[in-house]
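Engineer: Model the following, please.
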Amino acid sequence: MNPLNALKRWWFNRSHPSDPNTARLFGGLSETSTGLHVDPNVALALPAVFGCTKVLSETEASLPLNFYKRRPDGGRDEATSHSLYPILKYSPNPEMTSMKFREAMMIAMCLRGNAYAEIEWTHGGQVKALWPLRADKMQVKRVNRELVYLYDLPNGPIAQLPAYRVLHIPAFGDALMGFNPIEWGAETMGLALAAEQFAGKFFKNGATPSLIFSHPGELGDQAYTRLLKSIENFMSGLTNAHRIAILEEGMSAKAVGISPEAAQILSTRSFQKREICGMYRVPPHMVADLEQAHFNNIEHLGMGFIAYSMLPWFVRIETQIAHSLLSTAEQKEYFCKHNVDAVLRGDTKTRYEAYAIGRNWGWLSANDVRKKEDMNPIEGGDTYLNPLNMIPANETRFGGPNYQNRFNPTPTSTRIAYNARQAAGKRQKIAQNQINIFEGRFKSIINAEIKAVRKALDKLHQRDSSDFSLWLTEFYQGHKELWLQKTLPLFRAYAQTIGLTIEKELNGDYPLDSIAQFFEQYVESFANRQADESLQQLIALLRQAIDEETDPVPLIEERLDGWEATRSEQLAHNESFRACNAIAKAFFIAAGVTRLRWIATGDNCPYCSSLDGKVVGIQSNFLGKNIDFQPDGADKPINVRSNIGHPPLHKKCDCMISAEV
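Structural biologist: Numbering: from 1, shown residues only. Predicted structure coming up:
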């Protein structure tokens with residue numbers, strides 16, 4: 001028998017090894033300062049560890065893991081014909097469902113830091129099945145620059161598996177292995193276990209301080225034994241707490257020790273629970289610790305859990321599946337992705353209000369909404385509505401389906417085009433004058449934001465980066481309100497000025513309350529967009545530093561310097577023209593205008609010049625999303641990432657729209 005095998009089997013059968021170094025090598029066991037040994041099985045007895053592991057594993061396993069094939073146009077289709085599709089979506093092997101397999105893999109990462117599965121290949125080089133392997137029985141070595149996996153089989157010998165036969169998903173760790181969270185958090189968990197044991201013994205003794213009984217005389221052996229038995233029967237155990245004891249022969253009792261409040265049993269246990277939650281980056285309210293949870297933040301905490309706790313796990317699993325189960329050529333064509341839409345949805349009222357906005361303003365159809373709610377499509381549900389009179393968006397009152405006025409050089413159309421340019425030119429001057437007004441207000445908000453982030457950044461060296469990311473999430477929730485409060489009066493005055501010009505253009509009365517719903521949504525969206533953009537940039541820098549194992553402080557400081565130098569100026573220019581055109585379009589809709597014309601003003605670039613004079617339906621787009629737009633005279637294409645329903649097309653764009661009547 002191989003001596004190493006015998007030693008390993010002997011070691012795994014021991015419940016409490018005494019050598020912590022050998023324990024870390026073989027079993028992940030460690031002795032803590034409390035004198036308690038901590039291993040995954042012992043740690044799992046802690047409610048916080050059990051709860052965090054359960055939350056992480058069930059969340060990951062319950063979300064659909066979809067397998068897609070990329071389309072040439074940038075879209076995607078479910079790759080149902082690929083051999084991996086049923087394995088990832090339904091059953092990785094004949095004995096397990098997809099959820100059970102993924103749950104087991106996630107539990108292994110939470111308790112051992114690494115998850116392993118044997119890959120069963122067909123003769124044709126396709127994945128036939130995935131079989132989970134126990135992480136505590138696996139060793140990873142590098143032999144001649146190749147990874148080799150050594151697996152301790154139940155019957156004794158060690159199986160040597162090449163890397164292509166193992167799906168290895170490491171948790172947070174080094175380039176080869178994931179760190180074992182039980183090992184690195186052993187002291188925290190040992191203290192939590194000690195608090196649990198102390199509390200158990202405390203309540204076993206009736207949850208009362210120890211007592212000293214004194215007798216004025218001397219007790220005989222028989223009297224002493226009878227007294228001791230009587231006291232234990234009356235006062236030991238939780239069920240006997242607070243019972244009345246009758247003392248005889250002048251005996252007296254005196255309490256010694258400390259009260260539960262002084263001992264801080266409950267606060268210690270609560271603190272250790274939050275420490276363990278911090279290790280796993282699980283919000284405490286998800287393991288029944290509601291001390292820091294409130295009604296007005298519970299939904300955002302849940303969304304933050306998906307965005308900042310689960311997202312790294314999702315990406316880690318998705319990328320490792322692609323690396324281990326797909327060839328290099330297939331990785332360019334296929335990919336898998338978790339569907340997080342279901343858990344990121346808000347409450348029913350919030351969702352329905354958002355659907356109503358999208359439906360009424362024409363960018364969601366009935367079937368789009370039904371799909372998001374997991375409902376079957378209905379006949380005729382793919383029609384997009386015009387918010388004015390709820391007719392199909394590709395029809396107008398003038399010319400029927402797809403009607404579009406062709407700009408012909410007749411005297412009448414020439415006069416209309418001239419008047420349109422004249423009106424657009426007036427709004428263009430208003431937008432130009434608004435830049436300085438916006439810039440002053442934006443700069444004060446951005447400077448306050450930079451000051452707050454730098455103050456928190458000073459403490460980053462004394463705290464974990466995950467704590468800093470949670471601080472960022474909470475800060476930017478409040479920062480959205482600051483943007484809204486500080487900019488709402490400016491936008492209201494700006495919209496009133498634009499409304500006056502629309503009245504002159506169309507010879508009608510169009511007050512601000514005619515677009516009140518749109519105006520409120522626009523300003524709120526602007527505030528959310530600024531806070532979310534800042535948050536995403538800073539979180540991305542944190543992740544970059546983690547991936548590169550560098551200090552995130554210089555990266556964030558450099559980004560803050562850039563914001564301080566140019567952000568307010570750039571934002572003021574872009575928002576002056578974006579808001580001007582968006583508000584003008586809303587007034588046009590309220591006035592019954594059905595078509596828009598693109599007006600390029602001043603010295604324009606070839607991109608804007610190519611759109612000059614183009615007319616579209618008011619709910620249509622001048623350019624669709626996901627296209628590379630390169631007109632004649634342009635050096636390179638512009639990647640249009642979203643639908644362009646009105647200017648600006650790009651940064652520093654000063655184009656306008658006008659009503660085509």
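Engineer: Please make it C-alpha for all contacts and neighbour counts, starting now.
Structural biologist: OK.
Engineer: where does A48 sit relative to S57, distance-wise?
Structural biologist: 14 Å (CA to CA, to the nearest Å).
Engineer: Just want to know which of those two has more residues nearby.
Structural biologist: Per other CA atoms under 10 Å, whichever of A48 and S57 has more neighbours is A48, with 28 against 23.
Engineer: How is that one assigned, secondary-structure-wise?
Structural biologist: Here A48 is recorded as helix under DSSP: H, G, I helix; E, B strand; the rest coil.
Engineer: That one contacts I276, doesn't it?
Structural biologist: Yes. Counting by CA atoms under 8 Å, I276 is a contact partner of A48 at 6.4 Å.
Engineer: now the helix or strand R529 falls within: how far from the chain's centre is it?
Structural biologist: Per DSSP states H and E, R529 falls inside helix 516-548. Taking CA atoms, centre = their mean, to the nearest Å, the mean C-alpha location of helix 516-548 is offset from the chain mean by 13 Å.
Engineer: before we move on, what about stretch 479-489?
Structural biologist: For stretch 479-489, the distance to the chain centre is 24 Å (CA atoms, centre = their mean).
Engineer: can you list the domains in the protein?
Structural biologist: Here the domain parsing of the chain from automatic domain parsing is 3-184, 210-256, 395-659.
Engineer: between these, which gets the lowest average pLDDT?
Structural biologist: The weakest mean pLDDT among the domains of the chain belongs to domain 210-256, with a mean of 65.
Engineer: Need phi/psi at the closest residue to R281 other than its chain neighbours.
Structural biologist: Once flanking residues are discounted, R281 sits nearest to S309: 5.8 Å by CA to CA, 6 or more residues apart in numbering. Per-residue torsions, S309: phi -100, psi -50 (degrees, to the nearest 10).
Engineer: Could you check how far S309 is from E660?
Structural biologist: For S309, the distance to E660 - CA to CA - is 50 Å.
Engineer: same check, this time on D654
Structural biologist: 19 Å.
Engineer: The stretch 1-150 of the chain: helices as residue ranges?
Structural biologist: In the stretch 1-150 of the chain, the segments counted as helices under DSSP state H, counting those that start in this stretch are 3-13, 20-26, 40-43, 47-62, 84-89, 98-112.
Engineer: ok, and what's touching the longest one?
Structural biologist: Surrounding helix 47-62, the residues in contact under the criterion CA atoms under 8 Å, 6 or more residues apart in numbering are 43-44, 98-100, 102-104, 106-107, 110-111, 273, 276-277, 280, 282, 286-287, 310, 314.
Engineer: same thing but at 7 Å, please
Structural biologist: Residues outside helix 47-62 that contact it (CA atoms under 7 Å, 6 or more residues apart in numbering): 43-44, 99, 102-103, 106-107, 110, 273, 276-277, 280, 282, 287.
Engineer: got CSV for those residues, with distance to G633 too?
Structural biologist: What follows is the contacts of helix 47-62, written out as CSV (distance: CA to CA, whole Å):
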residue, distance to G633
A43, 67
L44, 66
M99, 55
R102, 53
E103, 56
M106, 54
I107, 58
C110, 57
K273, 64
I276, 60
C277, 58
Y280, 55
V282, 54
V287, 61
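Engineer: Farthest-apart pair in those residues, please.
Structural biologist: M99 and K273 (27.4 Å; CA to CA).
Engineer: State the pLDDT value of F198.
Structural biologist: Per-residue confidence at F198 stands at 67 (pLDDT).
Engineer: Quickly list what G173 is bridged to.
Structural biologist: Counting by DSSP bridges, G173 is bridged to G178.
Engineer: And for it, the neighbour number?
Structural biologist: 13.
Engineer: Check the one 10 residues further on too.
Structural biologist: Taking other CA under 10 Å as the neighbour definition, E183 ends up with a count of 23.
Engineer: Could you tell me which residues within the strand or helix carrying it count as buried?
Structural biologist: Using DSSP H and E, E183 falls within helix 181-184. By neighbour count on 16 or more other CA atoms under 10 Å, the buried set for helix 181-184 is 181-183.
Engineer: before we move on, back to that, now the contacts of helix 47-62: which count as buried?
Structural biologist: Using 16+ other CA under 10 Å, the buried ones in those are 43-44, 99, 102-103, 106-107, 110, 273, 276-277, 280, 282, 287.
Engineer: Which of those residues sits closest to K480?
Structural biologist: The nearest member of the buried ones among the contacts of helix 47-62 to K480, counting by CA to CA, is V282 at 24.3 Å.
Engineer: Any chance of the backbone angles for the closest one?
Structural biologist: V282 adopts backbone torsions of phi -110, psi 130, taken as degrees, to the nearest 10.
Engineer: Now do the SS call for the closest residue to Q320 other than its chain neighbours.
Structural biologist: Closest residue to Q320 apart from its sequence neighbours, by CA to CA, 6+ apart: I169 at 6.3 Å. Of the three states, I169 takes strand according to three-state DSSP.
Engineer: And D467, by the same measure?
Structural biologist: helix.
Engineer: Could you check which helix or strand contains the closest residue to it other than its chain neighbours?
Structural biologist: Sequence neighbours aside, G278 is the residue nearest to D467 in space, at 7.9 Å (criterion: CA to CA, 6+ apart). G278 belongs to helix 265-280 when assigned by DSSP H and E.
Engineer: that older thread, so the residue nearest to R281 touches P283, yeah?
Structural biologist: No. S309 is beyond contact range of P283, at 8.8 Å (criterion: CA atoms under 7 Å).
Engineer: Counting neighbours, go ahead and name the busier of these two.
Structural biologist: In terms of neighbours (other CA under 10 Å), P283 is the more surrounded of S309 and P283; the figures are 23 against 19.
Engineer: Show me what the longest helix belonging to the chain is packed against.
Structural biologist: If you go by DSSP state H, the chain has its longest helix at helix 411-457. Packing partners of helix 411-457 (3 or more CA pairs under 7 Å, 6 or more residues apart in numbering; DSSP states H and E): helix 568-591, strand 656-659.
Engineer: Packed most tightly, which of the ones you listed would that be?
Structural biologist: Ranked by mean neighbour count under mean count of other CA atoms under 10 Å, the helices and strands packed on helix 411-457 are led by strand 656-659, which reaches a mean of 28.
Engineer: Return the list of helices and strands in contact with that one.
Structural biologist: helix 411-457, helix 568-591, strand 595-599.
Engineer: what about 6 Å?
Structural biologist: Packing partners of strand 656-659 (3 or more CA pairs under 6 Å, 6 or more residues apart in numbering; DSSP states H and E): helix 411-457, strand 595-599.
Engineer: hey, where'd the strands end up in the stretch 101-250 of the chain?
Structural biologist: Ranges of strands in the stretch 101-250 of the chain, per DSSP state E, counting those that start in this stretch, are 114-121, 127-133, 138-143, 146-152, 158-162, 166-170, 210-214.
Engineer: Return the distance of the spatially most central residue of the chain relative to E474.
Structural biologist: Geometric centre of the chain, nearest residue: A307, 0.6 Å, by CA atoms, centre = their mean. Distance of A307 to E474, computed by CA to CA: 13 Å.
Engineer: do you know how far the nearest residue to H479 once chain neighbours are set aside is from Q477?
Structural biologist: Distances taken as CA to CA, 6+ apart put A531 closest to H479, at 6.4 Å, once the chain neighbours are dropped. Distance, A531 to Q477, using CA to CA: 8 Å.
Engineer: neighbour count winner among the two?
Structural biologist: More crowded of A531 and Q477, by other CA under 10 Å: A531, with 22 against 16.
Engineer: what's around I638, how many residues?
Structural biologist: 15.
Engineer: Wait, it touches K625, no?
Structural biologist: No. With contacts counted by CA atoms under 6 Å, I638 stays clear of K625, the gap being 11.0 Å.
Engineer: and K486, how far is that from F438?
Structural biologist: 11 Å.
Engineer: where does the nearest residue to N93 once chain neighbours are set aside sit relative to E118, distance-wise?
Structural biologist: With sequence-adjacent residues excluded and distances taken as CA to CA, 6+ apart, N93 is closest to A129, at 4.9 Å. Computed as CA to CA, the A129 to E118 distance reads 8 Å.
Engineer: Save the strands of the stretch 101-250 of the chain as JSON lines, and put in distance to L490 too.
Structural biologist: Putting these into JSON lines (distance: least, CA to CA, whole Å) gives the following:
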{"stretch": "strand 114-121", "distance to L490": "54"}
{"stretch": "strand 127-133", "distance to L490": "59"}
{"stretch": "strand 138-143", "distance to L490": "62"}
{"stretch": "strand 146-152", "distance to L490": "62"}
{"stretch": "strand 158-162", "distance to L490": "65"}
{"stretch": "strand 166-170", "distance to L490": "51"}
{"stretch": "strand 210-214", "distance to L490": "69"}
